[in-house]
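Trainee: This is a predicted model, with the sequence first.
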Amino acid sequence: MTRYFASLGDTSPIRISVQESDLRARDIEMFQYSVVPTIVFLLMISALISGGLATTREWESLTVKELLLAPVRPAALVAGKVLAGWMTSFSLGLLVLVAATALGWVYPAGISWLTAALVIALISLFGASLGVALGAAIRRVQAMIITCILVTLYLFFLGGGLGVLAFEPEWLQAVASFVPLTYGIHALQMALFYDSADALLRDVAVLAGVSLAALAAGSLSLRRKLVG
């Protein structure tokens, strides 16, 4: 509208001028904002499937009976399942981050690399722990794959994965405040675009809390199935 009325010159019925005050020093293209949610999406789907399938296959292949006879504590079995999913997802996240940086889509610098790595690690831990919990409950590979996709999609969309959350309707922003991926996306955006620690403690605390909760749920679920 500003350009239109300005093009009318002296015949314009409305005189409009724009005074811009930037809150951030760097302008980010819209497609760049989609990079971070995409990274988070890949992290979650990878961690859920890796942790979940590693668990469900034990029941479908009946190797769970061998686990029961192994001379190790159930906590070690749980840690192994979660660690396998976490390593796969975390490695994928770092690889995608390096590739996005090389392409000039994100701009991590200095300590922002460590911040981004920490957030990626926490998201991976959350996904792997949740995957183990779901895998122990579902115990079917096909059903587990469908569940992983649905859970990731819902968390992705409700967490503002399709756009800038500040521009979304208020009801969606309210819902997003209860979605863990919201805080992961925000922390990565601050680190990768603006080299900022804005609300970093809040984001890390939420991610760490849900990761520990998912780890406890996964441990309890798998342990009950193993000894039940």
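Mentor: It's in.

Trainee: now what about stretch 101-117, what contacts it?
Mentor: Contact partners of stretch 101-117, identified using Cβ atoms under 8 Å, 6 or more residues apart in numbering, comprise 26, 31-32, 35-36, 94, 97, 100, 187-188, 191-193, 195, 197, 200. All C-beta atoms are positioned from the backbone trio N, CA, C, and that covers glycine.

Trainee: please redo it, this time with the cut-off set to 10 Å
Mentor: Outside stretch 101-117, the residues that touch it by Cβ atoms under 10 Å, 6 or more residues apart in numbering are 26, 28-29, 31-32, 34-36, 38-39, 90, 93-94, 96-100, 187-197, 200, 203-204.

Trainee: among these, which are in helices?
Mentor: 31-32, 34-36, 38-39, 90, 93-94, 96-100, 187-193, 200, 203-204 (DSSP state H).

Trainee: Just the buried subset of those, please.
Mentor: Taking 16 or more other Cβ atoms under 10 Å as the criterion, what is buried in these is 32, 35-36, 39, 90, 93-94, 96-97, 100, 187-193, 200, 203-204.

Trainee: Look up the closest residue to M1, ignoring the ones flanking it.
Mentor: I16 (7.3 Å; Cβ to Cβ, 6 or more residues apart in numbering).

Trainee: Name the spans of the protein whose pLDDT lies under the cut-off.
Mentor: 17-18, 22-24, 64-65, 68, 74, 222-228 (pLDDT under 70).

Trainee: Spatially central residue for it, please.
Mentor: V40 (3.5 Å; Cα atoms, centre = their mean).

Trainee: which residues in the chain form helices?
Mentor: 2-7, 30-60, 64-69, 74-102, 111-138, 141-158, 170-176, 180-193, 200-227.

Trainee: Now do the same contact list for A70.
Mentor: Here A70 is in contact with 76-77 (Cβ under 10 Å, 6+ apart).

Trainee: thinking again about what came up before, distance of the residue nearest to the centre of the chain relative to R73?
Mentor: 33 Å (Cβ to Cβ, to the nearest Å).

Trainee: ok, now S124?
Mentor: 24 Å.

Trainee: quick one: D198 and Y183 touch, right?
Mentor: No: using Cβ atoms under 10 Å, D198 is not in contact with Y183; the gap is 12.0 Å.

Trainee: Those two: who's more crowded?
Mentor: Neighbour count, other Cβ atoms under 10 Å: between D198 and Y183, Y183 has more, with 25 against 12.

Trainee: tell me the contacts of the more buried one?
Mentor: So Y183 contacts 119, 122-123, 159, 176-177, 199-200, 202-207, 209-210 (Cβ under 10 Å, 6+ apart).

Trainee: how does it look with 6 Å?
Mentor: 203, 206-207 (Cβ atoms under 6 Å, 6 or more residues apart in numbering).
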